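Enquirer: need a structure here:
(one chain, ligands or ions: 1)
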Amino acid sequence: MKRRLAIVTGGTSGIGFGIAKKLIPHCHLALVYGRDHQKAQSALNQLQQDANEMDPDFKVQVYAQDLLQLEEIPALVKKITADFGEAPGVLVNSAGRLRDGLFQLSSIKDHEELLKEHLLAPMALCHSVIKGMSMAKFGRIINLSSISAQYSKRGQTNYAAAKGGIESFTRTLALEVAHRGITVNAIAPGLIQTPMTQGLVEKIQASSEGIRGRIPAGRLGTPEDIGSLAAFLCSEEASYITGVSIAIDGGRSLGDPQS
Ligand SMILES: NC(=O)c1ccc[n+]([C@@H]2O[C@H](COP(=O)([O-])OP(=O)(O)OC[C@H]3O[C@@H](n4cnc5c(N)ncnc54)[C@H](OP(=O)(O)O)[C@@H]3O)[C@@H](O)[C@H]2O)c1
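Expert: Residues are numbered from 1 along each chain as shown. Okay, here's the model as predicted:
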(Lines give C-alpha, C1' and ligand atoms only; values in the text may rest on other atoms or scores of the structure.)
Protein backbone atom coordinates (compact mmCIF):
# COMPACT_ATOMS: atom_id res chain seq x y z
CA MET A 1 0.00 0.00 0.00
CA LYS A 2 1.17 3.53 -0.79
CA ARG A 3 2.38 5.28 2.38
CA ARG A 4 -0.23 7.93 3.20
CA LEU A 5 -0.25 10.90 5.53
CA ALA A 6 -2.14 10.30 8.79
CA ILE A 7 -3.21 12.98 11.24
CA VAL A 8 -3.52 11.47 14.72
CA THR A 9 -4.89 13.83 17.35
CA GLY A 10 -3.76 12.91 20.84
CA GLY A 11 -1.03 10.97 19.05
CA THR A 12 1.62 11.75 21.65
CA SER A 13 -0.01 9.88 24.53
CA GLY A 14 -1.91 6.75 25.48
CA ILE A 15 -4.18 5.31 22.81
CA GLY A 16 -3.21 7.85 20.13
CA PHE A 17 0.45 6.96 20.60
CA GLY A 18 -0.37 3.23 20.46
CA ILE A 19 -2.15 3.86 17.16
CA ALA A 20 0.73 5.97 15.82
CA LYS A 21 3.19 3.14 16.53
CA LYS A 22 1.07 0.63 14.61
CA LEU A 23 0.67 3.03 11.67
CA ILE A 24 4.44 3.44 11.12
CA PRO A 25 4.70 0.84 8.32
CA HIS A 26 1.74 2.35 6.43
CA CYS A 27 1.72 6.13 7.03
CA HIS A 28 3.66 9.33 7.57
CA LEU A 29 2.48 10.81 10.84
CA ALA A 30 1.32 14.26 11.95
CA LEU A 31 0.63 14.05 15.68
CA VAL A 32 -1.49 16.77 17.28
CA TYR A 33 -1.31 17.37 21.02
CA GLY A 34 -2.32 19.97 23.60
CA ARG A 35 -0.04 21.04 26.43
CA ASP A 36 2.66 18.49 27.16
CA HIS A 37 5.61 19.49 24.97
CA GLN A 38 8.05 17.19 26.75
CA LYS A 39 5.87 14.15 26.19
CA ALA A 40 5.42 15.17 22.53
CA GLN A 41 9.19 15.38 22.03
CA SER A 42 9.74 11.97 23.59
CA ALA A 43 6.92 10.45 21.47
CA LEU A 44 8.57 11.95 18.38
CA ASN A 45 11.98 10.53 19.33
CA GLN A 46 10.58 7.07 20.01
CA LEU A 47 8.64 6.90 16.74
CA GLN A 48 11.66 8.06 14.74
CA GLN A 49 13.79 5.44 16.43
CA ASP A 50 11.23 2.64 15.86
CA ALA A 51 10.74 3.68 12.23
CA ASN A 52 14.36 4.02 11.24
CA GLU A 53 14.85 0.32 11.67
CA MET A 54 11.99 -0.26 9.19
CA ASP A 55 12.05 2.66 6.76
CA PRO A 56 14.43 5.61 6.56
CA ASP A 57 11.90 7.54 4.38
CA PHE A 58 9.30 7.67 7.16
CA LYS A 59 8.31 11.21 8.23
CA VAL A 60 6.78 12.28 11.54
CA GLN A 61 6.08 15.70 13.05
CA VAL A 62 4.28 16.94 16.15
CA TYR A 63 1.91 19.92 16.28
CA ALA A 64 0.88 21.74 19.45
CA GLN A 65 -2.69 22.87 18.91
CA ASP A 66 -5.46 23.38 21.45
CA LEU A 67 -8.38 21.67 19.72
CA LEU A 68 -10.83 23.67 21.84
CA GLN A 69 -10.03 26.48 19.37
CA LEU A 70 -12.27 25.04 16.68
CA GLU A 71 -11.86 27.98 14.31
CA GLU A 72 -8.10 27.26 14.09
CA ILE A 73 -8.58 23.70 12.81
CA PRO A 74 -8.74 24.44 9.04
CA ALA A 75 -5.43 26.35 9.26
CA LEU A 76 -3.85 23.44 11.18
CA VAL A 77 -4.83 20.97 8.45
CA LYS A 78 -3.55 23.38 5.78
CA LYS A 79 -0.21 23.69 7.58
CA ILE A 80 0.15 19.91 7.94
CA THR A 81 -0.70 19.45 4.25
CA ALA A 82 1.91 22.03 3.25
CA ASP A 83 4.58 20.56 5.58
CA PHE A 84 4.20 17.04 4.18
CA GLY A 85 3.41 18.10 0.61
CA GLU A 86 0.28 15.98 0.47
CA ALA A 87 -3.27 15.91 1.82
CA PRO A 88 -4.07 13.53 4.69
CA GLY A 89 -5.46 10.14 3.66
CA VAL A 90 -6.03 9.03 7.26
CA LEU A 91 -7.52 10.88 10.23
CA VAL A 92 -7.61 9.45 13.75
CA ASN A 93 -9.48 11.51 16.35
CA SER A 94 -8.12 10.43 19.73
CA ALA A 95 -7.51 13.71 21.62
CA GLY A 96 -9.49 14.63 24.69
CA ARG A 97 -9.56 14.90 28.46
CA LEU A 98 -12.18 13.85 31.00
CA ARG A 99 -14.30 16.28 33.01
CA ASP A 100 -16.10 13.81 35.28
CA GLY A 101 -18.50 14.87 38.02
CA LEU A 102 -22.10 14.35 39.07
CA PHE A 103 -24.35 16.30 36.73
CA GLN A 104 -25.94 18.47 39.39
CA LEU A 105 -22.54 19.54 40.68
CA SER A 106 -21.01 20.12 37.27
CA SER A 107 -20.53 23.31 35.28
CA ILE A 108 -21.75 24.17 31.79
CA LYS A 109 -18.17 25.23 30.94
CA ASP A 110 -16.98 21.66 31.61
CA HIS A 111 -19.73 20.24 29.39
CA GLU A 112 -18.97 22.73 26.64
CA GLU A 113 -15.24 21.95 26.66
CA LEU A 114 -15.76 18.20 26.77
CA LEU A 115 -18.19 18.30 23.86
CA LYS A 116 -15.79 20.49 21.89
CA GLU A 117 -12.83 18.14 22.42
CA HIS A 118 -14.60 14.81 21.92
CA LEU A 119 -17.28 15.74 19.35
CA LEU A 120 -16.95 19.15 17.68
CA ALA A 121 -13.18 19.09 17.11
CA PRO A 122 -13.40 15.64 15.42
CA MET A 123 -16.25 17.00 13.27
CA ALA A 124 -14.21 20.08 12.33
CA LEU A 125 -11.21 17.89 11.47
CA CYS A 126 -13.37 15.61 9.31
CA HIS A 127 -14.69 18.71 7.57
CA SER A 128 -11.16 19.87 6.80
CA VAL A 129 -9.85 16.55 5.42
CA ILE A 130 -12.78 15.21 3.41
CA LYS A 131 -12.25 17.32 0.29
CA GLY A 132 -8.69 15.99 -0.14
CA MET A 133 -9.82 12.43 0.55
CA SER A 134 -12.62 12.76 -2.01
CA MET A 135 -10.18 13.96 -4.65
CA ALA A 136 -7.86 11.03 -3.89
CA LYS A 137 -10.85 8.64 -3.81
CA PHE A 138 -9.38 7.22 -0.63
CA GLY A 139 -9.89 8.08 3.02
CA ARG A 140 -9.87 6.39 6.40
CA ILE A 141 -11.38 8.16 9.40
CA ILE A 142 -11.35 6.64 12.88
CA ASN A 143 -13.10 8.29 15.80
CA LEU A 144 -12.37 7.21 19.37
CA SER A 145 -15.60 6.44 21.16
CA SER A 146 -15.87 4.46 24.42
CA ILE A 147 -18.00 1.69 25.89
CA SER A 148 -19.36 4.60 27.98
CA ALA A 149 -21.47 5.51 24.93
CA GLN A 150 -23.61 2.42 25.67
CA TYR A 151 -22.95 1.56 29.32
CA SER A 152 -23.65 4.31 31.80
CA LYS A 153 -21.31 5.35 34.58
CA ARG A 154 -22.20 7.90 37.24
CA GLY A 155 -20.36 11.17 36.80
CA GLN A 156 -19.97 10.85 33.04
CA THR A 157 -23.05 12.52 31.56
CA ASN A 158 -20.98 14.82 29.36
CA TYR A 159 -18.60 12.04 28.26
CA ALA A 160 -21.48 9.65 27.46
CA ALA A 161 -23.24 12.38 25.48
CA ALA A 162 -20.08 13.13 23.48
CA LYS A 163 -19.27 9.47 22.80
CA GLY A 164 -22.89 8.65 21.87
CA GLY A 165 -22.75 11.69 19.59
CA ILE A 166 -19.51 10.65 17.92
CA GLU A 167 -20.92 7.19 17.17
CA SER A 168 -24.05 8.67 15.54
CA PHE A 169 -21.91 11.17 13.65
CA THR A 170 -19.63 8.34 12.47
CA ARG A 171 -22.56 6.35 11.04
CA THR A 172 -24.13 9.30 9.27
CA LEU A 173 -20.90 10.65 7.81
CA ALA A 174 -19.99 7.13 6.64
CA LEU A 175 -23.27 7.03 4.72
CA GLU A 176 -22.55 10.36 3.03
CA VAL A 177 -18.98 9.61 1.90
CA ALA A 178 -18.92 5.84 1.22
CA HIS A 179 -19.17 6.32 -2.57
CA ARG A 180 -16.00 8.45 -2.48
CA GLY A 181 -13.80 5.61 -1.19
CA ILE A 182 -13.81 7.04 2.34
CA THR A 183 -14.58 4.84 5.34
CA VAL A 184 -15.58 6.27 8.72
CA ASN A 185 -15.51 4.02 11.78
CA ALA A 186 -15.43 4.32 15.54
CA ILE A 187 -13.46 2.29 18.07
CA ALA A 188 -15.02 1.95 21.51
CA PRO A 189 -12.38 0.91 24.05
CA GLY A 190 -13.06 -0.45 27.51
CA LEU A 191 -10.47 0.15 30.20
CA ILE A 192 -7.11 0.83 28.57
CA GLN A 193 -4.00 1.59 30.60
CA THR A 194 -3.06 5.20 29.73
CA PRO A 195 -2.35 8.43 31.62
CA MET A 196 -6.09 9.21 31.41
CA THR A 197 -7.05 6.12 33.42
CA GLN A 198 -4.12 5.91 35.83
CA GLY A 199 -6.15 6.92 38.91
CA LEU A 200 -9.05 4.61 38.07
CA VAL A 201 -6.75 1.66 37.37
CA GLU A 202 -5.01 2.10 40.74
CA LYS A 203 -8.41 2.25 42.48
CA ILE A 204 -9.62 -0.96 40.81
CA GLN A 205 -6.33 -2.77 41.46
CA ALA A 206 -6.62 -1.89 45.15
CA SER A 207 -10.29 -2.99 45.37
CA SER A 208 -11.32 -6.44 46.54
CA GLU A 209 -12.62 -7.53 43.11
CA GLY A 210 -9.47 -6.33 41.31
CA ILE A 211 -9.03 -6.30 37.53
CA ARG A 212 -10.14 -9.93 37.14
CA GLY A 213 -13.41 -9.16 38.90
CA ARG A 214 -14.22 -6.41 36.40
CA ILE A 215 -12.79 -7.55 33.07
CA PRO A 216 -13.55 -11.06 31.74
CA ALA A 217 -10.21 -11.19 29.86
CA GLY A 218 -8.50 -10.73 33.22
CA ARG A 219 -6.23 -7.89 32.15
CA LEU A 220 -6.26 -4.22 31.25
CA GLY A 221 -6.26 -3.23 27.60
CA THR A 222 -3.15 -1.69 26.07
CA PRO A 223 -2.85 1.17 23.58
CA GLU A 224 -1.34 -1.38 21.17
CA ASP A 225 -4.56 -3.46 21.35
CA ILE A 226 -6.36 -0.42 19.95
CA GLY A 227 -3.52 0.38 17.53
CA SER A 228 -3.74 -3.03 15.87
CA LEU A 229 -7.41 -2.58 15.04
CA ALA A 230 -6.85 1.01 13.90
CA ALA A 231 -4.06 -0.09 11.54
CA PHE A 232 -6.34 -2.70 10.01
CA LEU A 233 -9.22 -0.22 9.60
CA CYS A 234 -6.79 2.13 7.80
CA SER A 235 -5.67 -0.54 5.35
CA GLU A 236 -6.87 -1.24 1.79
CA GLU A 237 -8.20 -4.59 3.08
CA ALA A 238 -10.75 -2.78 5.28
CA SER A 239 -12.34 -0.84 2.42
CA TYR A 240 -15.75 -2.54 2.90
CA ILE A 241 -16.01 -1.79 6.64
CA THR A 242 -17.68 1.53 7.31
CA GLY A 243 -20.07 3.19 9.74
CA VAL A 244 -19.48 0.77 12.59
CA SER A 245 -18.35 1.14 16.16
CA ILE A 246 -16.15 -1.72 17.34
CA ALA A 247 -15.76 -2.39 21.05
CA ILE A 248 -12.34 -3.52 22.32
CA ASP A 249 -12.86 -4.17 25.98
CA GLY A 250 -11.74 -7.69 26.94
CA GLY A 251 -15.41 -8.63 27.28
CA ARG A 252 -16.18 -5.91 29.84
CA SER A 253 -19.44 -4.91 28.16
CA LEU A 254 -20.69 -8.53 28.11
CA GLY A 255 -21.58 -8.52 31.77
CA ASP A 256 -20.27 -9.34 35.22
CA PRO A 257 -17.39 -11.88 35.00
CA GLN A 258 -18.38 -13.24 38.46
CA SER A 259 -21.97 -14.09 37.51
N1 LIG B 1 -7.97 5.09 28.21
C2 LIG B 1 -9.15 4.50 28.18
O3 LIG B 1 -9.44 3.58 28.96
C4 LIG B 1 -10.18 4.96 27.19
C5 LIG B 1 -11.37 4.24 27.12
C6 LIG B 1 -12.33 4.61 26.20
C7 LIG B 1 -12.11 5.68 25.36
N8 LIG B 1 -10.95 6.38 25.44
C9 LIG B 1 -10.79 7.52 24.53
O10 LIG B 1 -9.55 7.40 23.85
C11 LIG B 1 -9.03 8.68 23.56
C12 LIG B 1 -7.60 8.78 24.07
O13 LIG B 1 -7.57 8.57 25.48
P14 LIG B 1 -6.21 8.25 26.24
O15 LIG B 1 -6.57 7.38 27.37
O16 LIG B 1 -5.20 7.85 25.26
O17 LIG B 1 -5.85 9.70 26.85
P18 LIG B 1 -4.44 10.38 27.22
O19 LIG B 1 -3.36 9.37 27.35
O20 LIG B 1 -4.75 11.29 28.36
O21 LIG B 1 -4.08 11.25 25.92
C22 LIG B 1 -4.88 12.33 25.54
C23 LIG B 1 -4.22 13.05 24.39
O24 LIG B 1 -5.12 14.09 23.94
C25 LIG B 1 -4.44 15.35 23.89
N26 LIG B 1 -5.39 16.42 24.18
C27 LIG B 1 -6.26 16.50 25.22
N28 LIG B 1 -6.96 17.64 25.15
C29 LIG B 1 -6.53 18.29 24.03
C30 LIG B 1 -6.84 19.53 23.43
N31 LIG B 1 -7.77 20.37 23.95
N32 LIG B 1 -6.19 19.90 22.29
C33 LIG B 1 -5.24 19.07 21.75
N34 LIG B 1 -4.90 17.87 22.28
C35 LIG B 1 -5.53 17.51 23.41
C36 LIG B 1 -3.34 15.22 24.96
O37 LIG B 1 -2.30 16.16 24.72
P38 LIG B 1 -1.50 16.82 25.99
O39 LIG B 1 -1.28 15.73 26.98
O40 LIG B 1 -0.25 17.35 25.36
O41 LIG B 1 -2.38 17.93 26.50
C42 LIG B 1 -2.91 13.76 24.75
O43 LIG B 1 -2.02 13.68 23.64
C44 LIG B 1 -9.99 9.70 24.18
O45 LIG B 1 -10.90 10.12 23.19
C46 LIG B 1 -10.72 8.87 25.23
O47 LIG B 1 -12.00 9.38 25.51
C48 LIG B 1 -9.99 6.06 26.35
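
Enquirer: all strands for this structure, in order.
Expert: Listed from the start of the chain, the chain has strands (DSSP state E) covering 4-9, 27-33, 60-64, 90-93, 139-144, 182-189, 245-248.

Enquirer: Name the stretch among those strands that sits most buried.
Expert: Greatest average neighbour count among the strands of the chain goes to strand 90-93 (a mean of 29), per mean count of other CB atoms under 10 Å. From N, CA and C alone the C-beta is placed, and that goes for glycine too.

Enquirer: Can you list the helices and strands that it packs against?
Expert: Using 3 or more CB pairs under 8 Å, 6 or more residues apart in numbering; DSSP states H and E as the contact definition, the elements that strand 90-93 packs against are strand 4-9, helix 14-23, helix 121-136, strand 139-144.

Enquirer: could you redo these as CSV and give each row distance to R180?
Expert: Conversion of the helices and strands packed on strand 90-93 to CSV gives the following (distance: least, CB to CB, whole Å):
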stretch, distance to R180
strand 4-9, 15
helix 14-23, 22
helix 121-136, 5
strand 139-144, 7
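
Enquirer: Quick check: which of the ones you listed is nearest to E209?
Expert: In terms of CB to CB, the element of those nearest to E209 is helix 14-23, at 24.2 Å.

Enquirer: In TSV: the strands of the chain, plus mean pLDDT and distance to G165.
Expert: Shown next, in TSV, are those (pLDDT from 0 to 100; distance: least, CB to CB, whole Å):
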stretch	mean pLDDT	distance to G165
strand 4-9	98	17
strand 27-33	98	20
strand 60-64	98	25
strand 90-93	99	12
strand 139-144	99	10
strand 182-189	99	11
strand 245-248	98	12
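
Enquirer: near the ligand, which residues of the stretch 1-150 of the chain show up?
Expert: Contact residues (CB under 6 Å from any ligand atom) of the stretch 1-150 of the chain with the ligand: 10, 12-16, 32-36, 65-68, 94-97, 117-118, 144, 146.

Enquirer: Neighbours of E167, how many?
Expert: With neighbours defined by other CB atoms under 10 Å, the count for E167 comes to 20.

Enquirer: Next: K78.
Expert: The tally of other residues near K78 (other CB under 10 Å) stands at 12.

Enquirer: and I24, what does it touch?
Expert: By CB atoms under 8 Å, 6 or more residues apart in numbering, the residues touching I24 are L47, D50, A51, M54, D55, F58.

Enquirer: Might you report the residue contacts of the closest residue to the first one other than its chain neighbours?
Expert: Right, the one you point to is L47. Ranked by CB to CB, 6 or more residues apart in numbering and with sequence neighbours excluded, the top spatial neighbour of L47 is V60, at 5.0 Å. Residues in contact with V60, defined by CB under 8 Å, 6+ apart, are A20, H28, L29, A30, L31, L44, L47, Q48, A51.

Enquirer: Tell me if I'm right that the first one and Q46 touch.
Expert: No - at 9.4 Å, A20 does not count as touching Q46 under the criterion of CB atoms under 8 Å.

Enquirer: between the two, which one's more packed in?
Expert: When neighbours are counted by other CB under 10 Å, A20 and Q46 differ, and A20 comes out ahead with 30 against 15.
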